[in-house]
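> attaching a predicted model along with its sequence, questions to come.
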Amino acid sequence: MHVVVATHQSSLEHDTGRTHPERPERITAFLQGIRDSELPAVEIESPEILRSDLALVHDPEYIEMIQTFCSLGGGALDMDTIASKATWTAALTSAGGVKATVDALADMEDATGFVVARPPGHHAMRDRAMGFCFFNNVAVTGALLRSRGSKVAILDWDVHHGNGTQAMLGDDPGVLYASVHQSPFYPFEGEVSDIDSEGAKGTTVNVSLPAGTGGDVIRRAWEEIIIPVVRSFEPDWVLVSAGYDGHAVDPLAGFRMMAWDYGRLAKTLAEVHPPNRIVSVLEGGYDLDALRLSARETVLGYAGIEPNGESLGSPPDSTVALEAAKSAVAAHWPL
């Protein structure tokens with residue numbers, strides 16, 4: 001299987017400061033992990049996204065503000081979200097890489113796609129940057145695919161809930177947003193009960209699990225909830241917000257996943273949806289070795305290769321939370 005890899009030099013030039021966890025070395029570590037898989041890669045340079053595409057989910061005034069802010073040298077938009085002059089191009093190519101990867105895969109069969117870019121995107125709101133994110137990379141292409149008439153599933157295995165993605169696309173019945181995330185935790189959104197909220201009832205699936213949850217329960221959440229819903233929803237495309245801050249050694253969160261757990265998530269997804277219609281997009285993940293190892297396992301999983309490793313266990317309250325989520329989702333989908 002080939003891996004279409006979209007990236008751009010500007011991802012290395014987006015400067016968040018010397019001590020910021022969302023740093024350029026994340027890109028080089030992740031790319032090395034894909035190379036370590038020894039799968040053949042098709043590398044493409046991520047183009048800049050069109051403003052008209054950004055405006056599908058972002059307010060035009062907000063887009064203009066980000067450009068102006070960066071052109072003046074950048075700075076802190078909040079305590080976590082730091083821009084530099086190079087951030088404008090990096091943000092455009094991060095979003096553009098998702099669209100370009102979808103277009104590249106359209107005529108490929110034995111392939112999958114990975115967008116290795118920064119800044120990440122799933123916290124970005126229609127008119128606000130937050131959580132290291134400026135433009136919502138997956139939401140932009142999700143909205144673009146919807147404009148083409150495609151059904152889209154956006155699956156989020158980042159340890160944080162993708163609040164921006166849910167806010168932008170959660171009311172569209174042609175979009176499934178499904179997230180497995182730590183709760184209570186930043187951004188303090190993503191409740192199980194959101195599945196019954198106004199808009200597209202049933203197509204917002206949140207599995208909120210406590211700190212300390214290991215790969216055993218996270219894999220169960222994926223296999224017993226997320227995968228059956230994807231199978232029933234029958235999307236044309238799957239976009240994965242692939243964050244790796246749920247790894248056991250990540251410094252910013254409290255899940256206990258291992259690299260091979262991500263491989264199992266990918267392999268299980270590829271068993272129910274064609275890999276050439278799956279585009280994964282780098283979100284979080286701040287330990288460089290964990291990023292490298294997880295990248296390798298993820299792409300091998302998409303290629304159908306069974307990972308070799310044991311998942312870490314979870315406390316009892318993780319299973320309680322899992323069962324609560326299953327009960328809520330089962331009211332809308334066969335599990």
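Structure's in. What do you need?
> okay, and residue 264 sits in which element?
Using DSSP states H and E, residue 264 falls within helix 259-272.
> which SSE is immediately downstream of that helix?
Using DSSP H and E, the next helix or strand after helix 259-272 towards the C-terminus is strand 278-282.
> that next one: how far from the chain's middle?
In terms of C-alpha atoms, centre = their mean, to the nearest Å, the gap separating the centre of strand 278-282 from the centre of its chain is 7 Å.
> quick one: strands adjacent to it?
Paired strands of strand 278-282, with direction, are strand 111-115 (parallel), strand 237-242 (parallel) (DSSP bridges).
> what average pLDDT does the helix or strand following the first one get?
Scanning the chain past strand 111-115 towards its C-terminal end, the next helix or strand to appear is helix 137-147 (assignment: DSSP H and E). Mean pLDDT, taken over the full extent of helix 137-147, equals 98.
> do the same with stretch 165-180
The pLDDT scores in stretch 165-180 average 97.
> stretch 293-308 now?
For stretch 293-308, the mean per-residue pLDDT is 97.
> please apply the same query to stretch 76-89.
Mean pLDDT, computed over stretch 76-89, is 97.
> contacts for that stretch next, please.
Residues external to stretch 76-89 that are found in contact with it (C-beta atoms under 8 Å, 6 or more residues apart in numbering): 8, 10, 13-17, 20, 48, 66-67, 69-71, 73-75, 119, 129-134. In short, each C-beta sits where N, CA and C put it, glycine included.
> buried stuff in the lengthiest helix in the chain?
If you go by DSSP state H, the chain has its longest helix at helix 87-105. Judged by neighbour count (16 or more other C-beta atoms under 10 Å), helix 87-105 contains these buried residues: 87-102, 104-105.
> what's the distance between the closest residue to residue 166 other than its chain neighbours and residue 192?
Residue nearest to residue 166 in three dimensions, not counting chain neighbours: residue 177, with 5.2 Å by C-beta to C-beta, 6 or more residues apart in numbering. Plainly put, residue 177 is 13 Å away from residue 192 if you go by C-beta to C-beta, to the nearest Å.
> so the two - more neighbours on which side?
More neighbours surround residue 177 than the other of residue 177 and residue 192, with 30 against 19 (other C-beta atoms under 10 Å).
> give the helix, strand or coil label for that one.
strand (DSSP: H, G, I helix; E, B strand; the rest coil).
> what's opposite it in the beta bridge?
When bridges are called by DSSP bridges, residue 177 pairs up with residue 154, residue 204.
> centroid residue for the chain?
Among the residues of the chain, the one closest to the centroid is residue 241, at 0.9 Å (C-alpha atoms, centre = their mean).
> so it makes contact with residue 159?
No: if you go by C-beta atoms under 8 Å, residue 241 and residue 159 don't touch, sitting 10.9 Å apart.
> all strands for the stretch 151-300 of the chain, in order.
Applying DSSP state E, counting those that start in this stretch to the stretch 151-300 of the chain gives strands spanning 152-156, 175-182, 204-209, 237-242, 278-282.
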